[in-house]
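**Student:** Dropping a prediction and its sequence here:
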Amino acid sequence: MRGYAAFLGKELIEAVRTYKLFLMLVIFGVFGMSSPLLAKLTPQMIASVVSPELAATIPAPSAVDAWTQFYKNVGQLGLVILIIMFSGVLANELSKGTLVNVVTKGLSRGAVILAKLTSMVAIWTGSLVLAAGLTWVYTQYLFGSNALPHLVVSVVLLWVFGVFLLSLLVCAATLGSNNWVALLITVAVVAVGLVAGIIPAAYHYNPLSLASQNMALITGTVTLGDLWPAIGITLGLIVVLVAAAIGIFRRRVL
Amino acid sequence: MSVLEIDHVDKAFGSHQVLNKMTMDVPEHCVFGFVGQNGAGKTTTMKIALGLLKADGGVVRVCGEQVTYGNSRTNRHVGYLPDVPEFYGYMRPMEYLRLCGQVTGLSSGQIATRGGELLEMVGLAGVKRRIGGFSRGMKQRLGIAQALLNQPELVICDEPTSALDPIGRKEVLDILASLKDRTTVVFSTHVLSDVERICDQVAILHGGRIALAGTIAEIKAQHRHHGFVVECANPADADRLAGAAELKSMGINTTVEGATLTVMIAQHAGGDGAPRADGAAGLVAPSVTGLAGVAPAAPSPQFSQSAGSAPSTWSGSDQAGGQLLLGALTRLDITPVRFEQMEPTLESLFAEVVK
């Protein structure tokens, strides 16, 4: 516990001084601000770039369009940036040998994994809250309302999926010594999830639904009840992945 | 009491057997030089002692406690300085020590006082820069500071000087030598002059085992080559001296290299013939015909014709051999530029072991 707290402090200093935190907040801040703005400006852009006639056929943008933009940005590109940003989470330390010193001082390997995961989840949480908050404020400002069902729940589901990706990344990182291994394994698992998406009924169980059914939940085509199995499976997988990461890392040569 | 005991440890990487029933004891309060060629297994041994590598067999004990692979409890007794210590480049020295101290369980008060003292000792007090901008020597010194933070009973340093310039090397060696009173230092190296400079004890690792171990004085005494090096003014003199009748008749081996003559009084005494004290009993001088007139007056050369395979090999004392040589120099009227007794160097011992 003592080692965990000390190492978490180190992780947070690292996130600040290597500009990871700053970059994440800037990128997600831009996503948050641009989503409603893009929704608002889409008709004008089509009018000026394509043709005003086409633009006239498009219904006036609303809060739903703003949040659709949000999930396109944050739920896709945002997640990609998240895993790329943290793909070197263990590889950097393993290749440089920086962990040897602290581990020989008595830091448990489990604490290393948990501290790293905590720091990543904290940054992900901050970034997501910032993006969602900015989208909410701008949507309120530009469209006058955010009165949509399940708005908070859908963001929470995306957050859970992000935590799942980070757990997967950490677990994959304990297997290889360079960040490509971690990245490749993570991408491969997501690809399997995407392929499984071909089966229509699979979305009930697919963790990917937590990042892909958000708008369906808001617009009411999917109910929260439909997603419970997927939520349960994702939470279970997070626990399994973190336990596996600690187990594998204990046996690793540093 | 031994601070570090390595008992019949085996370690293989694939088919390559690095350590083979390796056994070594490090006594308390000494600077222990752990010598071996590159790839001899020095780092492997140290990593096993730190629980960073799993041994295939055997037992390692630190302060009497057995080392286990993974989260080894014994590491609380140990400070470790890796060959190229790597730190978090974005931290400042004191921040790094604070992290180490917190991990070890020191209170913030202890961290502040000890950290300050240690940074003072290694010459990094007042350095507010981030570690990323440090030179190798500075990193090595910070490495020493972090290794000493938890006041370990054993400090293990893996080639602490091999990457440093002469000044950095001297600084690091001086710091290590100064630690003898408060802790035990094991340091691996292939730089033998470093060992001679600061170590009390030395062990040479070769072929997966300790080939030679003991205090430097002991080892040198055991492996003393009895002989002299005489440097003459010119090669001709050296040749004349080498051909001197008194040396020839005693079967003393001489080798000439330019103007330098190496005179082997006896093969080193490891094993059969222990170094003999001057005038040891049982050494009877046979008739030294043709030599009597020039033999020095002082203690008569004592030697024997050994009963073994080389009947005419000199096996007298160093002093008698020296007198004989001086006699020859006087008779031949040669003034040596340099005349010294052969001292085994660690280099020569090391070369011998490795061969």
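**Tutor:** Perfect, I can see it now.

**Student:** Give me the pLDDT value at the residue nearest to B:Asn150 when sequence neighbours are not counted.
**Tutor:** Nearest residue to B:Asn150, sequence neighbours excluded (Cβ to Cβ, 6 or more residues apart in numbering or on different chains): B:Thr104, at 4.4 Å. Where you see a C-beta, it was placed from the backbone N, CA and C, and this is true even at glycine. Model confidence at B:Thr104, given as pLDDT, is 88.

**Student:** Next: A:Asn92.
**Tutor:** pLDDT recorded at A:Asn92 is 89.

**Student:** residue contacts, it?
**Tutor:** A:Thr98, A:Asn179 (Cβ atoms under 8 Å, 6 or more residues apart in numbering or on different chains).

**Student:** C-terminal to the one helix or strand it maps to, what's the next element?
**Tutor:** Element membership of A:Asn92 [criterion: DSSP states H and E] is helix A:91-96. Next helix or strand after helix A:91-96 toward the C-terminus (DSSP H and E): helix A:98-104.

**Student:** ok, residues contacting that next one?
**Tutor:** In contact with helix A:98-104 (Cβ under 8 Å, 6+ apart) are residues A:7, A:92-93, A:109, A:112, A:254, B:50-52, B:71, B:75, B:78, B:80, B:82, B:85-88, B:99-100, B:103, B:146.

**Student:** which of these count as buried?
**Tutor:** For these, a burial check counting by 16 or more other Cβ atoms under 10 Å in any protein chain shown picks out A:7, A:92-93, A:109, A:112, A:254, B:50-52, B:75, B:78, B:80, B:82, B:85-88, B:99-100, B:103, B:146.

**Student:** Make sure B:Pro152 is actually in contact with B:His77.
**Tutor:** Yes - using Cβ atoms under 8 Å, B:Pro152 is in contact with B:His77, at 5.8 Å.

**Student:** roughly how far apart are the closest residue to B:Cys232 other than its chain neighbours and A:Pro36?
**Tutor:** Nearest residue to B:Cys232, sequence neighbours excluded (Cβ to Cβ, 6+ apart): B:Ala238, at 4.5 Å. According to Cβ to Cβ, to the nearest Å, B:Ala238 and A:Pro36 sit 97 Å apart.

**Student:** Show me which of the two is the more surrounded one.
**Tutor:** A count of neighbours by other Cβ atoms under 10 Å in any protein chain shown puts A:Pro36 above the other of B:Ala238 and A:Pro36, at 27 against 24.

**Student:** Now name the helix or strand holding that one.
**Tutor:** Counting by DSSP H and E, A:Pro36 is part of helix A:20-49.

**Student:** List the buried residues for that helix?
**Tutor:** In helix A:20-49, counting by 16+ other Cβ under 10 Å, buried: A:20-21, A:24-25, A:27-28, A:31-40, A:43, A:46.

**Student:** Figure out the helix or strand that the residue of the stretch 151-300 of chain B at minimum distance from chain A lives in.
**Tutor:** Chain A sits closest to B:Ile156 of the stretch 151-300 of chain B, with a gap of 8.9 Å, by Cβ to the nearest Cβ. Element membership for B:Ile156, per DSSP H and E: strand B:154-158.

**Student:** which secondary structure elements does that strand contact?
**Tutor:** helix B:42-49, strand B:78-81, helix B:136-148, strand B:184-189 (3 or more Cβ pairs under 8 Å, 6 or more residues apart in numbering or on different chains; DSSP states H and E).

**Student:** Out of those, flag the one nearest chain A.
**Tutor:** strand B:78-81 (4.6 Å).

**Student:** any weak-confidence spans in the stretch 151-300 of chain B?
**Tutor:** B:266-300 (pLDDT under 70).

**Student:** So which bits of it are right by chain A?
**Tutor:** By Cβ under 8 Å from any Cβ of the partner chain, no part of the stretch 151-300 of chain B sits against chain A.

**Student:** Which residue ranges of chain B form helices?
**Tutor:** For chain B, the helices defined by DSSP state H occupy B:42-49, B:93-104, B:108-121, B:136-148, B:166-177, B:192-198, B:216-222, B:235-242, B:245-249, B:318-332, B:346-354.

**Student:** Kindly report the residues of the stretch 1-150 of chain B close to chain A.
**Tutor:** Close to chain A, as judged by Cβ under 8 Å from any Cβ, the stretch 1-150 of chain B has residues B:50-53, B:70-71, B:75-76, B:78, B:80, B:82, B:84-88, B:90-91, B:95, B:99-100, B:102-105, B:146, B:149-150.

**Student:** if you set the cut-off to 6 Å instead, what comes out?
**Tutor:** Where the stretch 1-150 of chain B comes near chain A, counting by Cβ under 6 Å from any Cβ of the partner chain, the residues are B:50, B:52, B:70-71, B:75-76, B:80, B:82, B:86, B:90, B:99-100, B:102-105.

**Student:** Need the worst-confidence member of these.
**Tutor:** At the low end of pLDDT for these is B:Asn71, which has 66.

**Student:** buried sites along stretch B:60-70?
**Tutor:** For stretch B:60-70, by 16+ other Cβ under 10 Å, it's B:Val60, B:Arg61, B:Val62, B:Cys63, B:Val67, B:Tyr69.

**Student:** Once you drop chain neighbours, what's closest to the fifth one?
**Tutor:** Taking Cβ to Cβ, 6+ apart, and ignoring the residues beside it in sequence, B:Val67 has B:Val60 as its nearest neighbour in space, at 4.3 Å.

**Student:** pretty sure the one you found contacts B:Gly51?
**Tutor:** No - taking contacts as Cβ atoms under 6 Å, B:Val60 lies outside contact range of B:Gly51: 8.6 Å.

**Student:** got any residues that touch both of those two?
**Tutor:** Contact criterion Cβ atoms under 6 Å, 6 or more residues apart in numbering or on different chains; residues shared by B:Val60 and B:Gly51: B:Val67.

**Student:** Contact residues of chain A facing chain B?
**Tutor:** A:2-3, A:6, A:10, A:17, A:96-98, A:100, A:102, A:104-108, A:250, A:254.

**Student:** can you pull the contacts of the residue of the stretch 151-300 of chain B closest to chain A?
**Tutor:** Here B:Ile156 is in contact with B:Met46, B:Tyr80, B:Val186 (Cβ under 6 Å, 6+ apart).

**Student:** partner residues bridging it?
**Tutor:** In this entry, B:Ile156 is beta-bridged to B:Tyr80, B:Val186, by DSSP bridges.
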